[in-house]
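Student: Structure for the following, please:
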Amino acid sequence: MKDADIVFDALGEAYSSEAFQVIKQGGKVVSVVGPLDEETAKMFGMTDYKLPADLVMLCSVKEASYKFIFMHPSGADLGEIKSMIEDEKIKPIIDKVYSFSESIEAIIHLASGRAKGKIVIKIN
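Tutor: Next up, the predicted model:
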């Protein structure tokens with residue numbers, strides 16, 4: 001997938017940087033596990049905080065924005081996301097579906113780093 005308007009980073013570390021490879025020029029990367037953005041850091045009194053240099057460079061190259069958000073578990077929010085998926089307003093990308101008996105193969109595939117989307121283990 002390329003030229004996404006926005007990428008939601010739920011993995012962090014190298015994946016925060018990789019998110020910039022799939023957004024279009026002017027896109028957005030939103031992370032729940034990556035480094036703080038400068039605005040959020042200032043809200044917590046971290047006035048000298050600077051976004052890591054690699055992310056600054058990636059934002060510049062893609063003319064993109066990066067934002068860290070804190071997640072709070074919410075059943076209502078999950079219900080809304082479920083409705084959006086059912087109404088096809090958003091579509092999760094599924095790389096492959098494995099049966100429960102293939103769980104080891106699923107984990108090996110996930111660990112390979114070659115999955116393009118979610119890995120699903122189906123439990124009957």
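
Student: neighbours around residue 10, how many?
Tutor: 12 (other CB atoms under 10 Å). Where you see a C-beta, it was placed from the backbone N, CA and C, and this is true even at glycine.

Student: export the biggest helix by length in the chain as CSV, just CAs?
Tutor: Taking DSSP state H as the criterion, the chain has its longest helix at helix 75-86. The C-alpha coordinates for helix 75-86 follow below in CSV (Å, rounded to 0.1, in the frame of the first residue of the first chain):
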residue,chain,number,x,y,z
GLY,A,75,-16.0,0.1,24.7
ALA,A,76,-18.0,2.9,23.1
ASP,A,77,-15.1,3.7,20.8
LEU,A,78,-14.6,0.1,19.9
GLY,A,79,-18.3,-0.1,19.1
GLU,A,80,-18.0,2.9,16.8
ILE,A,81,-15.0,1.3,15.0
LYS,A,82,-17.0,-1.9,14.6
SER,A,83,-19.8,0.0,13.0
MET,A,84,-17.4,1.8,10.7
ILE,A,85,-15.9,-1.5,9.6
GLU,A,86,-19.4,-3.1,9.1
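
Student: Quick check: mean pLDDT of that helix?
Tutor: For helix 75-86, mean pLDDT rounds to 91.

Student: Identify the residues contacting that helix?
Tutor: 90, 91, 92 (CB atoms under 8 Å, 6 or more residues apart in numbering).

Student: Tell me how far the one helix or strand residue 56 maps to lies from the chain's centre.
Tutor: According to DSSP states H and E, residue 56 maps onto helix 53-62. From the chain centre to the centre of helix 53-62 is a distance of 17 Å (CA atoms, centre = their mean, to the nearest Å).
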